[in-house]
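[1] with the sequence up front, the predicted model follows.
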Amino acid sequence: MDLDRLQKSWNQIKLSSLATEDDIRNMISSKVKTTVDRLIRTETIFLLAIFPLIAVPFIVDWLLKGVYVLPFPIKAAYIFLCMISLFWQDYKRRLLKQIDMVNRSILDNRKLFLQYRLRIKYELIFGTIFVLIMYSAIVYSWKEIMTPYQFQVYCLVNLLLFAVIALTGVYMYRKIYYKQIRKIESAFYEIDILEKENHH
């Protein structure tokens, strides 16, 4: 009789433990979903922001009409870069949307997340290089309408401006992306701990 009661108590403890673990897993999964949704919204905002940026060269030509005309190769390269950025933003959104904590395994979700994290790293590196090249080309295109001294001052001012833009960009990446990425990494780590405890 005592043995039956003991067995019953033990089963209840096990069921309670399993319920608690399931609750914890669901909470962690919910945290991942919330963070992923936030990243998707961010990528969507950046995607939409590209459309008005496409018009920038034409606005510059209109504002500086009779003074300066943006060379066609620079204008074409800029628009091409905007088009690539549109596809890139959409690709990142679709990658994030594949993360599904309900219908996919933890391993599959982790792989998708690692792919996204790697893409963000590539974006920061190559994006900075492309922007620097484009920025330098635009600055150099002003050389013909300036005296050597004016051009030197102009280059110095733009160098400082680019440094400010670059530092602001890195700060934004850390604030917008890496903060959210760390949250997801932390959630996956918590799931790993749960699974290890279950195996013991």
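    Good, I have the coordinates.
[2] measure residue 152 to residue 163 for me?
    17 Å (CB to CB, to the nearest Å). All C-beta atoms are positioned from the backbone trio N, CA, C, and that covers glycine.
[3] I meant to write residue 93 there.
    31 Å.
[4] of those two, which one has the most company?
    Neighbour comparison, residue 93 and residue 163: the larger count goes to residue 93, with 17 against 10 (by other CB atoms under 10 Å).
[5] burial count for residue 187?
    23.
[6] contact partners for it?
    28-29, 31-32, 35 (CB atoms under 8 Å, 6 or more residues apart in numbering).
[7] break the protein into its domains for me.
    When the chain is parsed with automatic domain parsing, its domains come out as 41-97, 99-200.
[8] save those as JSON lines, and put in mean pLDDT too.
    Listed next are those as JSON lines, based on pLDDT from 0 to 100:
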{"stretch": "domain 41-97", "mean pLDDT": "91"}
{"stretch": "domain 99-200", "mean pLDDT": "85"}
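[9] which other helices and strands contact the strand or helix carrying residue 133?
    In this structure, residue 133 sits in helix 106-140 according to DSSP states H and E. The helices and strands touching helix 106-140, judged by 3 or more CB pairs under 8 Å, 6 or more residues apart in numbering; DSSP states H and E, are helix 72-97, helix 148-173, helix 179-199.
[10] a markdown table for those, including distance to residue 57?
    Output for these, formatted as a markdown table (distance: least, CB to CB, whole Å):
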| stretch | distance to residue 57 |
| --- | --- |
| helix 72-97 | 4 |
| helix 148-173 | 17 |
| helix 179-199 | 32 |
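[11] which one of these lies nearest to residue 107?
    helix 179-199 (10.2 Å; CB to CB).
[12] what comes up buried for the closest one?
    180-181, 183-184, 187, 190-191 (16 or more other CB atoms under 10 Å).
[13] now render those as a markdown table, adding distance to residue 85.
    As requested, the buried residues of helix 179-199 are exported to a markdown table (distance: CB to CB, whole Å):
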| residue | distance to residue 85 |
| --- | --- |
| 180 | 20 |
| 181 | 20 |
| 183 | 25 |
| 184 | 24 |
| 187 | 29 |
| 190 | 34 |
| 191 | 34 |
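[14] that older thread, figure out which of the helices and strands packed on helix 106-140 is closest to residue 128.
    Going by CB to CB, the one of the helices and strands packed on helix 106-140 nearest residue 128 is helix 148-173, 6.5 Å.
[15] the closest one: how far from the chain's middle?
    Offset of helix 148-173 from its chain centre (CA atoms, centre = their mean, to the nearest Å): 24 Å.
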